[in-house]
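Q: Could you look at this predicted model? Sequence included:
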Amino acid sequence: MTTRAFSLALIATALFLVGCVAAFNWVVDPYWYFRAFDIVGFNHVRRHAEANERLVKPALVSRLRPQAVILGNSVAEIGLPPSNAGFTQNGALTSYNLALPGGTWNEIYCLALYVMRSTDVRRIVIGVSSVHHEAGDETCPSDSAFRRPDYAKLLFSRSAFAASRETLRDQNQPPTMTADGNWYFHRFIDDPRIHDGATWALARVIRRDLCRNMRFREDALDWSLVRMSPVPKDVGAGLRTLIRTAREKRIELVLLYYPKHVVLNEVQRACQGHESHWNELWAMVSIAEQEGDPQLTQVWDFETYVPTNAERLDGRSPGPDLLWQEAQHFNQAVGAAAMDAIYRGKPGYGDRVTVGNFRELVERREVERVRFLETNPWVREEFETFAGRVATVAVKPTR
Amino acid sequence: MLFNSFPFIFGFLPIVLVGFFALARVSHRLAAGWLTAASLAFYGWWDPRYIALLLASVLFNYALGSRIARMHEAGQAAHGRRLLTVAIVANLALLGYFKYAIFFLSSMHKLGIASGPLPQIILPLGISFFTITQIAFLVDAHRGQAREYNFVHYMLFVTYFPHLIAGPILHHKEMMPQFGQRETYRLNWDSIAVGLTMFIFGLFKKTVIADEMAGFATPAFDSAAAGTHLSLLEAWGAALAYTFQIYFDFSGYTDMALGASRMFGITLPLNFGSPYKASSIIEFWRRWHITLSRFLRDYVYISLGGNRTSKLGRYRNLMLTMLIGGLWHGAEWTFVFWGGLHGAYLVINHGWRSLRGRVSTAVGRGERALATLVTFVAVVVAWVFFRASDFTSAASILNGMAGGNGVVLPSQWQPFDRVNQAKWLLILLVFCWVAPNTQQVLAAYRPALLTPGYGDLGMARPAWRPTPAWTAGLALLAAVALLSIERYSEFIYFRF
């Protein structure tokens, strides 16, 4: 063999092999980007999609151009179904769940602006859990960076090849994601240890981010600590930009305060005080009123003391009717109830919050809380168990 | 631009290669100019602003080097020496500003001698390499060893993209003749085949092995830096993972640099020769980063007096040379300490040789194996300082390696874990000690320029031949390596 033949054959063979792998990855499409084939028993279940959402979801939105989009972190991704009839106006709007696990406010902010600029979106729900809305657009990647998928990773990579092989093998496994971007989390895993592990993980987060030793709060809300004066104009730049952009483009924007489990609500109250949630909510409501159009911009709160938010966490084996994964993540039944309340006006769960009804809402909710805790002593028991975990869980130091 | 990136492999390299040989049919000077322009574009890919700095450095050194050489030819040695001093000081000042200013200022801050905010200085890529390459040229010019002064060839000598960012460090006299040869400008399929083979070996080492090892080493070192106390196996796992990461990273880079260059018909000097097979630290430095060792010997150690002094003076020179070598690698005290540690190893090694030489000279296989093991462990311990972000985390890892934090089986070592670090480490250890290196496999085709006394370059099996079996095997390696380019992963030596 001459060195010329060797060189040409080597290059051709290597490129052929890489091309075969790319073609295989394109057909199997383990990250659910190309969507050329969806064959039951072949690639319908794509368990690798969940770990690669940042790689795929933003670029996919550019291509699918949904008209109704959900944004947020894992709570929104697991719990808010984009296919909800109210949200899609009975299927008239195409929809997608663009929430990302561990999504920070800055990520959500950048994606929301990108979606508003680059798609035909008419309706957006942003799931929020705390108010850190200072993000400005100087920290966002360019639209083209969001739009351009990383073909090297999607097609020409060993990890995509491994994911494709495992996708073929995993077809008899339960799904982990839906085509419209929902993540199932642990929902179909009937292993109590998994749920217990998730609870420990939450305890670790609480200890790291909130507090180590907590006591159940039996005192009442101190009204002097609840701020109800208009938020200064120089606060919340990022949130203001989002609301203004939505208003200018005539996009319906719902800022959805996530449903929170009553036990976690008590944990937050124990760590941060009764008024913490109300002050956060007030800031958002105040900014929304200053910057938004009441017809287009709404703030909804679902941190209520009702049975939907009070499924017992300990001592029950999970089943298909499970409402909550653990105290932080709710399932789609809860999310659907929230969407029905917002878009179909179904009463009984959550409230639209405005500057006008804020004080009445706080008063009502505080009374509801006291009554609920009186009739549900298990909440305190579970709180104590969880507090014990938080006090003892090991936390690795961070840099 | 990284060698291990799609833009380089599928864009830059083939375009420059085709352009070079197409232009060479018209004019060799044009082809050399094309290669120089491509090299500047390669450099500018990182940050185009620094092309000006590189060009200024090249023009300055070319002008002074030519003048120094003319002075040498005219017998004006004293004048030449003064100009050489000026030129070297200017080069060191440039390097000092970009690489060491913040280091010295922050050290002074720590000592309480200075205060105030530190300046923001970006370290230009490859500055350590192109600076010392040119210092060597200036000294060679003064010694009358640099003979050709074609400006385009000089530009190419300094900026030639396969060596520009991380070496090998070139000698003027070994490159300039190649740029002048007619054969260099003629497409040679032997060189293409050899170059491709080396490039694929290197790409595989980098993307498949070194990056995999980084996945083990980085979290462990970061964790130690964050205050976690690593157990015995975790600490050894971290140190060994880094030992193999840097080995395959640098070996991979060197193979790719030599391979890319060989495709253009230009052979670069040997830079890496199975260093973990060394049975002494002296031998280690004749196998690891050979062109740097050569530079340190010829331009630092010998300039300090080398062996032409007392035994104590020689050891002092060794220590100083290695401390400078450590500082050259990075502006951190941990690098200086690493250099000093290797200096101490070398002093002990020379002392041992001198002592042993008086007793016996015969070395058995068992003794050689033991010496190889001891050398390897010494090198691993030194790498901990090289990699650790500070002395505290280095001490923490060494404490773990000594068993100070107990013995716990780390999760990565559990038998049912998919990523079995222990298995990887064992395979790589055997590979480094037993397998032939790229130069040995390709020895029949003279893949690298040799420096007498450096490397280990006997022929070895399996010897490379252009056969269908080698084609299939290399194509598979190439495919796996290409598919492993998943993230931006710099070579470790790019930071120096």
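A: Now that the structure is in, tell me what you want to look at.

Q: Next, see if the lowest-mean-pLDDT helix or strand in chain A gets close to chain B.
A: Ranking every helix and strand in chain A by mean pLDDT, DSSP states H and E puts helix A:192-209 at the bottom, with a mean of 76. No: judged by Cβ under 8 Å from any Cβ of the partner chain, helix A:192-209 stays clear of chain B, getting no closer than 13.3 Å. Bear in mind the C-beta positions are built from the backbone N, C-alpha and C, glycine included.

Q: May I see the buried residues of the helix or strand following that helix?
A: Once the chain leaves helix A:192-209, the next helix or strand it forms, by DSSP states H and E, is helix A:237-248. Within helix A:237-248, the residues scored as buried using 16 or more other Cβ atoms under 10 Å in any protein chain shown are A:Ala237, A:Gly238, A:Leu239, A:Arg240, A:Thr241, A:Leu242, A:Ile243, A:Thr245, A:Ala246, A:Arg247.

Q: wouldn't the fifth one be in contact with A:Glu138 here?
A: Right, the one you point to is A:Thr241. No: if you go by Cβ atoms under 8 Å, A:Thr241 and A:Glu138 don't touch, sitting 11.1 Å apart.

Q: How about the residues of chain A by chain B?
A: A:1-7, A:9-11, A:13-14, A:16-18, A:21, A:152-153, A:156-159, A:161, A:396-399.

Q: What parts of chain B come near chain A?
A: B:6, B:189-190, B:192-194, B:196, B:200, B:222-223, B:225-228, B:466-468, B:470-472, B:474-476, B:478-480, B:482-486.

Q: Quick check: PyMOL command selecting the buried ones in those residues.
A: Those of these that count as buried under 16+ other Cβ under 10 Å are selected in PyMOL with:
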select buried, chain B and resi 190+192+193+194+196+200+223+225+228+466+470+471+474+475+478+479+480+482+483+484+485+486
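
Q: so where is the stretch 151-300 of chain A shaky, pLDDT-wise?
A: The model of the stretch 151-300 of chain A has pLDDT under 70 over residues A:185-195.

Q: and with 90 instead?
A: Scanning the stretch 151-300 of chain A for pLDDT under 90 picks out A:173-179, A:182-214, A:218-220, A:227, A:234-237, A:272.

Q: doesn't B:Ala382 make contact with B:Leu341?
A: Yes: the pair B:Leu341 and B:Ala382 qualifies as a contact (Cβ under 8 Å) at a distance of 4.9 Å.

Q: buried stuff in the top helix by length along chain A?
A: Criterion DSSP state H: the longest helix present in chain A is helix A:3-28. For helix A:3-28, burial by neighbour count (16+ other Cβ under 10 Å) applies to A:3, A:6-7, A:9-11, A:13-14, A:17-18, A:21-22, A:24-26, A:28.

Q: cool, stretch B:172-187 as well?
A: So for stretch B:172-187, counting by 16+ other Cβ under 10 Å, buried means B:His172, B:Glu174, B:Met175, B:Met176, B:Gln178, B:Phe179, B:Thr184, B:Tyr185, B:Leu187.

Q: For the third one, give me its contacts.
A: Contacts of B:Met175 were listed using Cβ atoms under 8 Å, 6 or more residues apart in numbering or on different chains, and they are B:Phe157, B:Tyr160, B:Ile266.

Q: now do 6 Å
A: By Cβ atoms under 6 Å, 6 or more residues apart in numbering or on different chains, the residues touching B:Met175 are B:Phe157.

Q: Got the confidence number for it?
A: At B:Met175, the model reports a pLDDT of 90.

Q: Now do the same for it: helix, strand or coil?
A: With DSSP: H, G, I helix; E, B strand; the rest coil as the basis, B:Met175 sits in helix.

Q: By mean pLDDT, point me to the weakest helix or strand of chain B.
A: helix B:101-111 (a mean of 86).

Q: hang on, the earlier thing: what mean pLDDT does the longest helix of chain A have?
A: For helix A:3-28, mean pLDDT is 97.

Q: For that helix, enumerate the helices and strands it packs against.
A: Secondary-structure packing of helix A:3-28 (3 or more Cβ pairs under 6 Å, 6 or more residues apart in numbering or on different chains; DSSP states H and E): helix A:158-169, helix B:189-204, helix B:468-483.

Q: how big is the angle separating the first one from helix B:468-483?
A: With axes from the mean of the first three to the mean of the last three Cα atoms, to 10 degrees applied, the angle from helix A:158-169 to helix B:468-483 works out at 90 degrees.

Q: List of residues touching helix A:158-169?
A: Under Cβ under 6 Å, 6+ apart, the answer for helix A:158-169 is A:Val21, A:Phe24, A:Asn25, A:Val28, A:Pro30, A:Asn43, A:Arg46, A:His48, A:Leu154, B:Leu483, B:Ser484.

Q: if I pick the fourth one, what's in contact with it?
A: Contact analysis of A:Val28 by Cβ under 6 Å, 6+ apart lists A:Asn43, A:Ser164, A:Thr167.

Q: burial count for B:Arg81?
A: B:Arg81 is flanked by 14 other residues according to other Cβ atoms under 10 Å in any protein chain shown.

Q: Then the one 5 residues further on?
A: Using other Cβ under 10 Å, B:Val86 is surrounded by 13 other residues.

Q: tell me which element it falls in.
A: Assigned by DSSP H and E, B:Val86 falls within helix B:77-95.

Q: What helices and strands are in contact with that helix?
A: If contacts are counted by 3+ Cβ pairs under 6 Å, 6+ apart, helix B:77-95 sits against helix B:50-73, helix B:127-143.

Q: Show me what counts as buried in the first one.
A: When neighbours are counted by 16+ other Cβ under 10 Å, the buried residues of helix B:50-73 are found to be B:50-51, B:53-54, B:57-58, B:61-62, B:64-65, B:67-69, B:71-72.

Q: now do the last one
A: Within helix B:127-143, the residues that qualify as buried by neighbour count (16+ other Cβ under 10 Å) are B:127-142.

Q: Closest to B:His153 out of those?
A: The closest of those to B:His153 turns out to be B:Phe137 (Cβ to Cβ; 11.9 Å).

Q: For chain A, see how far away the closest residue to that closest one other than its chain neighbours is.
A: Spatial nearest neighbour of B:Phe137, excluding adjacent residues (Cβ to Cβ, 6 or more residues apart in numbering or on different chains): B:His172 at 4.7 Å. B:His172 sits 30 Å away from chain A, going by Cβ to the nearest Cβ, to the nearest Å.

Q: Okay, A:Tyr151 and A:Asn43: tell me how far apart.
A: Taking Cβ to Cβ, to the nearest Å as the measure, A:Tyr151 falls 19 Å from A:Asn43.

Q: I meant A:Val362, not that one.
A: 50 Å.

Q: again with A:Gly127
A: In terms of Cβ to Cβ, A:Gly127 sits 30 Å off from A:Asn43.

Q: ok, these two, which is more surrounded?
A: The neighbour comparison of A:Gly127 against A:Asn43 (other Cβ under 10 Å) goes to A:Gly127, with 26 against 20.

Q: neighbours around the nearest residue to that one once chain neighbours are set aside, how many?
A: Distances taken as Cβ to Cβ, 6+ apart put A:Gly72 closest to A:Gly127, at 2.9 Å, once the chain neighbours are dropped. Using other Cβ under 10 Å, A:Gly72 has 27 other residues around it.

Q: same thing with A:Leu202?
A: So A:Leu202, with other Cβ under 10 Å, has 22 neighbours.
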